[in-house]
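>>> Sequence first, predicted coordinates after that:
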Amino acid sequence: MKPVLYEALGETVYQEVLPNGLEIRVAPKPDHAKKYAFFATRYGGMDTRFQLGGEWRDTPAGIAHYLEHKMFDTKEGTALQRLAKNGAEPNAFTSNAMTGYYFDSTDHFEENLEILLSFVSIPYFTEESVAKEQGIIGQEIRMIEDNPDWQLYARMLRALGGAVAEEEDGLTVYGVSTLPGGTVDGANDHRIVMAAAVAASRCQGPVVIRGAEAVKKSYPNFWRAYEELGGAVHVL
């Protein structure tokens with residue numbers, strides 16, 4: 001493996017690219033008792049299609065998060081239980097552009113690493129487990145729907161033409177250079193009004209914010225400051 005010295009940190013990382021394209025990086029820390037392993041793939045919430053055999057296949061929104069859960073399933077049960085039995089602390093997450101699986105442990109590191117590399121490489125789906133996971137994802141969606149803050153931000157962004165996906169622990173916003181614009185209901189929430197005003201600076205068309213006076217709750221001079229920074233405000 002090729003050593004790469006990070007002088008600012010005083011550490012050397014060894015890296016190599018396997019024939020299948022997998023990038024490996026090892027950061028030795030001999031003075032530490034705990035070891036960490038992290039497996040990441042460039043597939044996240046923004047990915048809704050893939051190419052197979054030269055043909056593009058579309059997938060439902062949220063499939064990356066769904067697969068994050070399902071990949072823990074194995075013929076022996078669940079990899080989470082196997083890792084925990086070995087004293088490891090496993091977890092996973094899905095972001096906008098990647099999915100990551102990781103664990104830390106002080107003992108049985110090599111065995112735990114084999115378990116990690118096995119379940120991320122060999123999917124095991126059954127009709128029963130798929131149906132069960134659909135129910136779990138449904139519960140998470142309902143949790144998000146019950147969160148008024150997330151719903152307000154999502155509604156505001158969609159009103160301006162943005163694309164938003166509800167995730168287990170928040171919202172994934174798909175970044176774009178500009179938005180079309182539109183009409184936003186401020187919902188008597190100063191945070192929503194201010195966020196919409198900031199988003200308006202990247203909108204091609206006009207943005208109408210209903211209930212814009214809500215900014216008085218926390219920042220009475222917000223609109224004056226907005227104009228001083230170059231924003232245009234018109235009272236309807």
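Received the coordinates, thanks. Numbers count the residues shown, from 1 in each chain.
>>> so Phe125 sits in a helix?
No. Looking at Phe125 with DSSP: H, G, I helix; E, B strand; the rest coil, it is coil, so not inside a helix.
>>> And the chain, split by domain according to the record?
Taking automatic domain parsing as the reference, the chain has its domains at 32-141, 148-228.
>>> got those domains as TSV, with mean pLDDT, distance to Val26 and mean neighbour count columns?
Backbone N, C-alpha and C define where each C-beta goes, glycine included. Below are the domains of the chain laid out as TSV (pLDDT from 0 to 100; distance: least, Cβ to Cβ, whole Å; neighbours: other Cβ atoms under 10 Å):
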stretch	mean pLDDT	distance to Val26	mean neighbour count
domain 32-141	87	10	15
domain 148-228	89	30	16
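>>> Now distance to Gly21 too, for the ones you listed, in CSV please.
CSV is the format used below for the domains of the chain (distance: least, Cβ to Cβ, whole Å):
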stretch, distance to Gly21
domain 32-141, 10
domain 148-228, 26
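>>> if we compare those, which one ends up closest to Pro3?
Nearest to Pro3, of all the domains of the chain, is domain 32-141, at 18.8 Å by Cβ to Cβ.
>>> Run through the helices of this protein in chain order.
Here the chain has its helices, by DSSP state H, at 63-70, 79-85, 109-121, 127-145, 148-159, 190-200, 222-228.
>>> Put together JSON lines for those, with distance to Ala97 on each row.
Below are these laid out as JSON lines (distance: least, Cβ to Cβ, whole Å):
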{"stretch": "helix 63-70", "distance to Ala97": "9"}
{"stretch": "helix 79-85", "distance to Ala97": "24"}
{"stretch": "helix 109-121", "distance to Ala97": "17"}
{"stretch": "helix 127-145", "distance to Ala97": "20"}
{"stretch": "helix 148-159", "distance to Ala97": "18"}
{"stretch": "helix 190-200", "distance to Ala97": "21"}
{"stretch": "helix 222-228", "distance to Ala97": "32"}
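>>> nearest to Val17, of the ones you listed?
helix 109-121 (16.2 Å).
>>> Mind giving me the packing neighbours of the closest one?
Applying 3 or more Cβ pairs under 8 Å, 6 or more residues apart in numbering; DSSP states H and E, one finds that helix 109-121 contacts strand 35-41, strand 73-74, helix 79-85, strand 99-105.
>>> change it to 10 Å
On a contact count with 3 or more Cβ pairs under 10 Å, 6 or more residues apart in numbering; DSSP states H and E, helix 109-121 meets strand 35-41, strand 73-74, helix 79-85, strand 89-94, strand 99-105.
>>> picking that back up, which of the helices of the chain sits closest to Tyr101?
helix 109-121 (5.7 Å).
>>> what's the distance between that closest one and the middle of its chain?
23 Å (Cα atoms, centre = their mean, to the nearest Å).
>>> residues in contact with it?
Applying Cβ atoms under 10 Å, 6 or more residues apart in numbering, the contact partners of helix 109-121 are 22, 34-41, 71-74, 76, 78-80, 82-90, 92, 99-105, 108.
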